[in-house]
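S.K.: Build me a structure from this.
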Amino acid sequence: MAFERKDRARVYVPIEGDTLRSIAERETAAGNPITWSELARYNWGTDDEVEIDAFLRDELGTRHRGPDNHMVLSPDDQGRGRLLIPQRFKQSRLSLDREYTIRVRQRSAPPQFLGCCSLPGITFGFNSSFVRPSVVEHLQPLEALAAAHPSSKIMIFGHTDAVGDDIYNKKLSERRAWSVHAFITNDPDAWETLYNHPDEQWGAPVLREILEDLGYDPGGAGGGWDTKVRAALRAFLGLPEGAPVENDPATRRRLFAAYMSGKHDILLTGDRFMDPGYMGCGEFNPVAAGEDRVERNRRVTFYLFHPERLPNLPCSFASTAPCQRQMASPERRHRKGYRCSFYDSLARECGCDGPVILATLRIRLFDAWSRPMTEAPYKLTVAGSVLTGRAGKVPGAVPAGASWVEAKLPVIPDRALIEWGACEEGGDASDSYPYRLELYLDHASLDDSEDAAIRRLHNLGYPSEAPTMENLRTFQFFHRLTDTGLLDEQTVAILESSHDRCTPAGYSGLEDVP
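M.R.: Below is the predicted model of the structure:
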């Protein structure tokens, strides 16, 4: 059934802790039948839960999360948009002796996150925003992403370690992000401001490092504006020996410009960036724990977004007040140690900021009758983490349907524990898990084909603790094979196909179990 036009929809008034599901249930009970996915598609053209969280964050200003780590609504949210409650389209007594034309408008939401990469902490000295020469080793990913997504908008986030107070580190991280922005857009004037900033100590050491990188000999490390540095600067400027040379703004501008253009081939102009194009997170989102100097935390991260889906930045320059607002409910995060709810939601899909994602685990949930369980609540214990939520759709997963669990892992584990099942009426999603199975994840790496087959058999619900022959015969019976209890060639082929394609015996191909 269709819905009325948006100009006839009601504007939702936020209730503390509301979700699209609770709104849909309330509307249905009041005589306006609607599902949460219809509500999402009506407003944003998608029912992908990751994208819905992004829309709730950007359009409605949500920052709190529920037990399943998805966004929940609050009356004190400050967004730039509004949530519309549609009304079912009703047209009675249509005449049967005439022809009608129905026009349907379909909105498809593009993905927001297009890619990310970062400059590691080694790029910056302690308490400094100067971009060291080692940056050249880490710019290729940015160049590739910018070329692959030419219409994308880029956002730069700077970070620091935890030495110093919050506001000082917030400003330092902003200078780092600004310095990188100036570096890749070839803006030497910005570096001149940073050179003279009262909290920066670039001075002669930075000039020495630049001259040496450009191929001139400024003498040993350290030291001030001495004879060796002046000789190297004359050589850079093409002046004769003994000619006067000064460390003045015009000279530094030429030096900065040569250094910037010589360290990268990326042609990025200001219009490739969001407005603002950079921001600082201070010490609030570390990738490594520690109160002392932790070089890994002094990184700068690039995010690329679709131009029609730019995030709504809650940040301000030189102020931690918005940061404190985003840290009001720190109990749930996608990334351990991150204090800012907004940045944590951006980093959810980021493989470069924090632990490297080495593996993607996909699990399909079925009931005892081999029927896929759509939106079933689950709890996954893997790689030292406990993940909860509901099964949903996963891009690229075959077969399609909303019965998948996906986890991106920083390690490749041997085991995982999955618990799942239909939630009791009116109960919380985490309260009811009638199904439980320990999974073997190392089956593909085993040299022994028999051991690999036993693990696959176990993952399909034929426990390896039970007699193997009995399990094999049961598997063969349900797959209409000769029940020999032996791992013959045909049995192994069917076992691998059934396990790896997530199509157990009795699977009908229908997503029919809510």
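S.K.: Surely E496 forms part of a helix?
M.R.: Yes - assessed with DSSP: H, G, I helix; E, B strand; the rest coil, E496 lies in a helix.
S.K.: wait, what's in contact with it?
M.R.: E496 makes contact with 453, 456, according to CB atoms under 8 Å, 6 or more residues apart in numbering. All C-beta atoms are positioned from the backbone trio N, CA, C, and that covers glycine.
S.K.: can you give me the helices in the chain?
M.R.: 20-29, 36-44, 49-60, 140-148, 166-184, 188-195, 203-213, 227-237, 249-263, 321-326, 341-346, 449-459, 468-478, 489-500 (DSSP state H).
S.K.: Can you lay out those helices as CSV showing mean pLDDT?
M.R.: Below are the helices of the chain laid out as CSV (pLDDT from 0 to 100):
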stretch, mean pLDDT
helix 20-29, 94
helix 36-44, 91
helix 49-60, 92
helix 140-148, 88
helix 166-184, 96
helix 188-195, 97
helix 203-213, 92
helix 227-237, 92
helix 249-263, 94
helix 321-326, 93
helix 341-346, 93
helix 449-459, 83
helix 468-478, 80
helix 489-500, 84
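S.K.: Sketch out the low-pLDDT regions of the stretch 401-514 of the chain for me.
M.R.: Judged by pLDDT under 70, the stretch 401-514 of the chain has its weakly predicted residues at 410-411, 423-432, 445-448, 464-468, 505-514.
S.K.: Tell me where it has strands.
M.R.: Listed in chain order, the strands found in the stretch 401-514 of the chain under DSSP state E, counting those that start in this stretch are 404-409, 415-420, 435-440.
S.K.: okay, now the domains of this structure?
M.R.: 6-85, 113-349, 359-500 (automatic domain parsing).
S.K.: tell me the centre residue of this protein?
M.R.: Per CA atoms, centre = their mean, the C-alpha nearest to the average position across the chain is that of E349, at 1.9 Å.
S.K.: what sits against it?
M.R.: Contacts for E349 (CB under 8 Å, 6+ apart) come out as 50, 113, 116.
S.K.: Save the strands of the stretch 401-514 of the chain as CSV, and put in distance to G203 too.
M.R.: Formatted as CSV, the strands of the stretch 401-514 of the chain follow (distance: least, CB to CB, whole Å):
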stretch, distance to G203
strand 404-409, 43
strand 415-420, 53
strand 435-440, 58
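S.K.: Any chance of the ones you listed in TSV with mean neighbour count and distance to R390 as columns?
M.R.: What follows is these, written out as TSV (neighbours: other CB atoms under 10 Å; distance: least, CB to CB, whole Å):
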stretch	mean neighbour count	distance to R390
strand 404-409	18	9
strand 415-420	18	9
strand 435-440	16	14
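S.K.: so who does the residue lying closest to D18 once chain neighbours are set aside touch?
M.R.: Nearest residue to D18 in three dimensions, chain neighbours excluded: L73, at 4.2 Å (CB to CB, 6 or more residues apart in numbering). L73 is in contact with 14-19, 56, 60, 62, counting by CB under 8 Å, 6+ apart.
S.K.: and of those residues, the nearest to A147?
M.R.: Set against A147, the nearest of the contacts of L73 by CB to CB is L56 (31.9 Å).
S.K.: The closest one against S74, yeah?
M.R.: No - using CB atoms under 8 Å, L56 is not in contact with S74, being 10.7 Å away.
S.K.: tell me, what's touching the two both at once?
M.R.: Common neighbours of L56 and S74 are listed as T62 (criterion: CB under 8 Å, 6+ apart).
S.K.: Quickly compare the helices of the chain and say which is most buried.
M.R.: For the helices of the chain, ranked by mean neighbour count under the definition mean count of other CB atoms under 10 Å, the leader is helix 341-346 at a mean of 25.
S.K.: Run through who's touching it.
M.R.: 53-54, 57, 63-65, 71, 113, 157, 281, 284-285, 303, 311, 313-315, 326-330, 333-335, 338.
S.K.: what about D275, distance to G79?
M.R.: As judged by CB to CB, to the nearest Å, D275 and G79 stand 18 Å apart.
S.K.: So these two - more neighbours on which side?
M.R.: Per other CB atoms under 10 Å, whichever of D275 and G79 has more neighbours is G79, with 18 against 10.
S.K.: wait, which of the helices of the chain is closest to D367?
M.R.: Closest approach to D367 among those (CB to CB): helix 468-478, 15.1 Å.
S.K.: and the spatially closest residue to G17 that is not a sequence neighbour, what does it touch?
M.R.: In space, and not counting its chain neighbours, G17 is closest to V72: 5.3 Å by CB to CB, 6+ apart. Contacts for V72 (CB under 8 Å, 6+ apart) come out as 17-19, 62, 64-66.
S.K.: Tell me the buried residues in stretch 269-281?
M.R.: Buried residues in stretch 269-281, counted by 16 or more other CB atoms under 10 Å: 272-274, 277-281.
S.K.: Quick one: mean pLDDT over that stretch.
M.R.: Here stretch 269-281 scores 95 as its mean pLDDT.
S.K.: S329 is in contact with N69, isn't it?
M.R.: No - between S329 and N69 there is no contact under CB under 8 Å: 11.6 Å.
S.K.: More neighbours: which of those two?
M.R.: N69 (16 against 13).
S.K.: Would you confirm that the more buried one contacts G389?
M.R.: Yes - taking CB under 8 Å as the definition, N69 is a contact partner of G389 at 6.6 Å.
S.K.: In stretch 287-304, which residues are buried?
M.R.: 287, 294, 297-304.
S.K.: Which members of the residues you listed are the farthest-apart pair?
M.R.: V294 and L304, at 26.5 Å, using CB to CB across these.
S.K.: burial count for the nearest residue to E143 once chain neighbours are set aside?
M.R.: Nearest residue to E143, sequence neighbours excluded (CB to CB, 6+ apart): I266, at 4.9 Å. The number of residues packed near I266 is 17, by other CB under 10 Å.
S.K.: Torsion angles phi and psi at I266?
M.R.: For I266, the backbone dihedrals are phi -80, psi 130 (criterion: degrees, to the nearest 10).
S.K.: List the residues that contact it.
M.R.: I266 touches 139, 142-143, 146, 184, counting by CB under 8 Å, 6+ apart.
S.K.: Let's have the contacts of E349 in TSV, adding distance to A444.
M.R.: Shown next, in TSV, are these (distance: CB to CB, whole Å):
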residue	distance to A444
V50	27
F113	29
C116	28
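S.K.: quick check, nearest of those residues to K379?
M.R.: Proximity of those to K379 (CB to CB) peaks at V50, which lies at 18.8 Å.
S.K.: mind checking how far that closest one is from C281?
M.R.: V50 is 21 Å from C281, where distance means CB to CB.
S.K.: again with P67
M.R.: Here P67 is placed at a distance of 26 Å from C281 (CB to CB).
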